[in-house]
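S.K.: would you be able to build a 3D model of this:
(2 chains)
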Amino acid sequence: MKIKKKIPLIDQANKFGFWGGKFGGNFVPETLKKPIEDLEILFNKLKKDKRFIAERDKYFKNWVGSPTRFIKLKNLTKHIGGAQIWSKVVSDANGGAHKIYNATVHCLLAKRSGKKVVIGDTGAGYAGKMLSMAAKKFDLKCKIFMGAKDIARQQPNVKAIKKNGAEVIPVYSGSQTLVDAVSECMRYWVANCDTTAMCVGSTVGPAVFVRICGWSTSQISRELKVQLIKEFGSIPKKLKLYNCVGGGSSSFGFWNEFMHYNKKQCEFIGVEAGGPTKSKKHAAPLTYGSKIGILHGAAQYVNQNSDGQIEETESISAGLDYPGISPLHCFLKDTKRARYTAASDEQALEAYKLVTRFEKLRPSLEPSHAFAVAIKEAKKLSKDTIVVVNSCGDAYKDQEILEKRLGKKYVKSN
Amino acid sequence: MLNPISAAFTKAKQENRPALLTYTVAGDSSKKQSLNILKSISKNADILEVGVPHNTPVADGSQIQTSAYRAIKNGIKVNDIFKIVKDFKKFDKNKPVILMGYYNMIFQYGENKFLNKCKLSGVNGLIVVDLPWPENKDFAKKCKKKFIYFIQLLSPTTTKIRLKKIIKDSHPMSYFISMLSTTGGKLKVSPKEIIKNYFKIKKINPKKKVVIGFGITEKTIGKLKSADGLVVGSAICKEISRSLKHRQNPVTNVSNLVKKLKNKIK
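M.R.: Below you'll find the model as predicted:
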């Protein structure tokens, strides 16, 4: 299994949509074959269309707000006393997280295909919030599927979705989290694919959704590359890019432009959600060696029992609370291009405390996982090493959880 | 030897009616009860579809999901399902049984091992909801070697050119999804329209049997009689749920329902 040079990773799948011959694919009901094929044809055409790209860039620049900041965390660096710690503040983007890129592109595609309704899944609520924002912007009706457990724990985003005029459809089946929301959203699409466009909220699902999402979030690394060169004159000799990984959309987007650099120069570190220290449940299929299985239309490493039933996950962060992982990350793991590890709920909370104590930055619980590992490793690294953490979401949505776990002062600070 | 599935179609044809196919979830609500349900409906059903429950189904509506979650909660494993089929076959060895499920269950078991087990327990056909054509070509070939029908699904969204290709590769039975829906949705197209679409498919190769499923109930089954076979699933699962809720015997109630369905298509 090898990564091909000079071809974007999203285009390295074979004709059946498999990366490395075994990750991804299209394990979908017959009914979805045609709508997926239509979407593939449309996307393959538009991603080469200069006018479409110009349109995308126009919205990214003027509406999403590009570029998001790239800042040095001076106080944190000083406190840690190792590598230089920087952050790409993707939460600067309109709506407060990277999910806006994929949502915008899906709505642009829906418009081109003449669909009037767009549906999407959400865990932390960001994918749903952004899709509802984009749907409003592009005058599409919008329905968001969200697990009942997530609705309860991510209220600020639920309110935002409703405020944007979208309908929130609670999902009560299974564990009532992201995995069930994606299933329900796909089921809705099965029944309504003639009138409705589906947006999968991460680099998961049938191959075309993995590709569209990866193509969209790659905006993050396009910006970062320019910013790194501006800051250091060239891509630093020792660069380490830390990102949390749930489905894998922000991390893929954060790494994509650096894919073909030598990993000794530019290392990718993906941090999965290890769950509570005391619990056996986790959302870290790559770290804990889960077997390959099929989830939501794609072959991937996924938490499951020996029979093939998908297992329940547990994590403080709703956005990472998913039993599977993008086929792109499975491919990056098996080709050893990226390294994956996990941070526990408690480590993420500690990292959040530390970052907010020293910096004017409030990473949500998802990037707090990445900060946990970055901070731990930065201590042992040389001063000329550039550690960059993607702060891909804002903690505003987590205020209830943070207040409960850390007390009021951590909610109000900054 | 003729696959009992084909024999069942021949018998129904001789009686001038469509074959009646039932779908129940293995292990719903318990292993024993699901076996008893199969035994009790086998005199009225021509082909028994047995669902392999999965906890992230992407094509099932709420009724079948409820049945599947109930079965999983009560501890059903893939090996139990083979045992249920084997025990049923001891009771009625010529009644065809089709397993219907999602690919991950087969993938985890191992394709070859799964098919061997199917063969040993008397499974005659397989429907794999999320393994569409052409990705299913190799697996379908393996099924054929074991004299197990791999049943292709056809949908209202399947293009004409694709229909032709699928039917060309198909085994003697295929399954036409009546409308854009998950299982058990309300019929949103008229039975007349469904039959019209159905015959467009039949015309491609009239010798191959095609059944219709999704959304068929006691109310609608009589209007679809001109098909080779009709599948009722969610309505049966619903009856099981209803019986459990009212503390009635699901075996008797489902048996009565299947009898009624049979009478509607005679």
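
S.K.: near chain B, which residues of the stretch 251-400 of chain A are found?
M.R.: With the criterion set to CB under 8 Å from any CB of the partner chain, the stretch 251-400 of chain A comes near chain B through A:291, A:293-297, A:304, A:306-310. In this view, the C-beta of every residue, glycine as well, is placed from N, C-alpha and C.

S.K.: can I get the residues you listed in TSV with pLDDT?
M.R.: Listed next are these as TSV, based on pLDDT from 0 to 100:
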residue	pLDDT
A:K291	98
A:G293	98
A:I294	98
A:L295	97
A:H296	96
A:G297	97
A:Q304	98
A:S306	96
A:D307	97
A:G308	98
A:Q309	97
A:I310	96
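
S.K.: pull out the buried residues from those residues.
M.R.: Among these, the ones that count as buried by 16 or more other CB atoms under 10 Å in any protein chain shown are A:293-297, A:304, A:307-310.

S.K.: with respect to B:F91, which of the residues you listed is nearest?
M.R.: A:D307 (25.5 Å; CB to CB).

S.K.: list the contacts for that closest one?
M.R.: Residues counted as contacts of A:D307 (CB atoms under 8 Å, 6 or more residues apart in numbering or on different chains) are B:77-78, B:105, B:108-109.

S.K.: nearest residue to whichever residue of the stretch 201-350 of chain A sits closest to chain B other than its sequence neighbours?
M.R.: Distances between the stretch 201-350 of chain A and chain B by CB to the nearest CB are smallest at A:G308, namely 3.6 Å. Distances taken as CB to CB, 6 or more residues apart in numbering or on different chains place B:Q108 nearest to A:G308, at 3.6 Å, with adjacent residues excluded.

S.K.: what secondary structure does the one you found sit in?
M.R.: When classified by DSSP: H, G, I helix; E, B strand; the rest coil, B:Q108 comes out as helix.

S.K.: relative to A:S113, which of the contacts of A:D307 is nearest.
M.R.: B:M105 (33.7 Å).

S.K.: can you list the residues of the stretch 51-200 of chain B near chain A?
M.R.: Residues of the stretch 51-200 of chain B that fall close to chain A, judged by CB under 8 Å from any CB: B:54-61, B:65, B:69, B:72, B:77-78, B:102-105, B:107-109, B:129-133, B:135, B:152-159, B:162, B:177, B:180-182, B:185.

S.K.: need the strands for the chain, in chain order.
M.R.: Assuming you mean chain A. In order along the chain, chain A carries the following strands (DSSP state E): A:18-19, A:23-24, A:69-72, A:84-89, A:117-122, A:141-147, A:167-171, A:196-199, A:239-244, A:266-275, A:292-295, A:298-301, A:338-344, A:386-390.

S.K.: to clarify, I was referring to chain B.
M.R.: Here chain B has its strands, by DSSP E, at B:19-25, B:47-51, B:97-101, B:125-128, B:149-150, B:152-154, B:173-177, B:209-213, B:229-232.

S.K.: what about the second one, average pLDDT?
M.R.: To tie it back to what came earlier, the one meant is strand B:47-51. The average pLDDT within strand B:47-51 is 98.

S.K.: one more: the last one?
M.R.: For strand B:229-232, the mean pLDDT works out to 98.

S.K.: name every strand pairing with that strand and say which way it goes.
M.R.: Taking DSSP bridges as the criterion, strand B:229-232 sits next to strand B:19-25 (parallel), strand B:209-213 (parallel) in its sheet.

S.K.: how about low-confidence regions in chain A?
M.R.: Under the criterion pLDDT under 70, the flagged ranges of chain A are A:412-414.

S.K.: quick one: least confident helix or strand in chain B?
M.R.: helix B:62-73 (a mean of 94; mean pLDDT, DSSP states H and E).

S.K.: now do it against strand B:47-51, angle only.
M.R.: Angle, helix B:62-73 to strand B:47-51, by axes from the mean of the first three to the mean of the last three CA atoms, to 10 degrees: 60 degrees.

S.K.: tell me the helices and strands packed up against helix B:62-73.
M.R.: With contacts defined as 3 or more CB pairs under 8 Å, 6 or more residues apart in numbering or on different chains; DSSP states H and E, the packing partners of helix B:62-73 are strand B:19-25, strand B:47-51, helix B:234-245.

S.K.: how far does that helix sit from its chain's centre?
M.R.: Put simply, helix B:62-73 sits 16 Å off its chain's centre (CA atoms, centre = their mean, to the nearest Å).

S.K.: output that helix as PDB - backbone C-alpha positions only.
M.R.: Extracted C-alpha coordinates of helix B:62-73, given in PDB (Å, rounded to 0.1, in the frame of the first residue of the first chain):
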ATOM      1  CA  SER B  62     -38.600   2.000  12.200                       C
ATOM      2  CA  GLN B  63     -40.500  -1.300  12.400                       C
ATOM      3  CA  ILE B  64     -37.700  -3.500  11.300                       C
ATOM      4  CA  GLN B  65     -35.200  -1.500  13.300                       C
ATOM      5  CA  THR B  66     -37.300  -2.100  16.400                       C
ATOM      6  CA  SER B  67     -37.300  -5.800  15.700                       C
ATOM      7  CA  ALA B  68     -33.600  -5.900  15.000                       C
ATOM      8  CA  TYR B  69     -32.600  -3.900  18.200                       C
ATOM      9  CA  ARG B  70     -34.900  -6.200  20.200                       C
ATOM     10  CA  ALA B  71     -33.200  -9.300  18.800                       C
ATOM     11  CA  ILE B  72     -29.700  -7.900  19.400                       C
ATOM     12  CA  LYS B  73     -30.700  -6.900  22.900                       C
END
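
S.K.: isn't the residue nearest to A:G308 up against A:L295?
M.R.: No - look at B:Q108 against A:L295 with CB atoms under 8 Å: they stay out of range, at 11.9 Å.

S.K.: can you list contacts of stretch A:326-334?
M.R.: A:1, A:3, A:9-10, A:12-13, A:18-20, A:23-25, A:202-204, A:207, A:210, A:214, A:245, A:247-249, A:251-252, A:255, A:268, A:270, A:286, A:292, A:298-301, A:338, A:340.

S.K.: export only the CA atoms of that stretch, formatted as CSV.
M.R.: Output in CSV follows, covering the C-alpha atoms of stretch A:326-334 (Å, rounded to 0.1, in the frame of the first residue of the first chain):
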residue,chain,number,x,y,z
SER,A,326,-12.5,8.2,7.5
PRO,A,327,-11.1,5.7,4.9
LEU,A,328,-8.5,8.4,4.2
HIS,A,329,-7.1,8.1,7.7
CYS,A,330,-7.1,4.3,7.5
PHE,A,331,-5.1,4.7,4.4
LEU,A,332,-2.7,7.2,6.0
LYS,A,333,-2.3,4.9,9.0
ASP,A,334,-1.5,1.8,7.0
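
S.K.: off-centre distance for it?
M.R.: On the basis of CA atoms, centre = their mean, stretch A:326-334 sits 14 Å off its chain's mean C-alpha point.

S.K.: swap in stretch A:78-86?
M.R.: When distances are taken as CA atoms, centre = their mean, stretch A:78-86 is centred 26 Å away from the chain's centroid.

S.K.: that stretch spans what distance, first to last residue?
M.R.: 12 Å (CA to CA, to the nearest Å).

S.K.: which of the residues in it are buried?
M.R.: In terms of neighbour count (16+ other CB under 10 Å), stretch A:78-86 has its buried residues at A:80, A:82-86.

S.K.: now do the helices in chain B.
M.R.: Taking DSSP state H as the criterion, chain B carries its helices at B:4-14, B:31-41, B:62-73, B:78-91, B:103-109, B:111-121, B:137-145, B:160-169, B:191-204, B:234-245, B:250-265.

S.K.: picking that back up, ChimeraX command for the buried members of the residues of the stretch 51-200 of chain B next to chain A?
M.R.: In ChimeraX, this line selects whichever of these come out buried by 16+ other CB under 10 Å:
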select /B:54,55,56,57,58,59,60,61,65,69,72,77,78,102,103,104,105,107,108,109,129,130,131,132,133,135,152,153,154,155,156,157,158,162,177,180,181,182,185
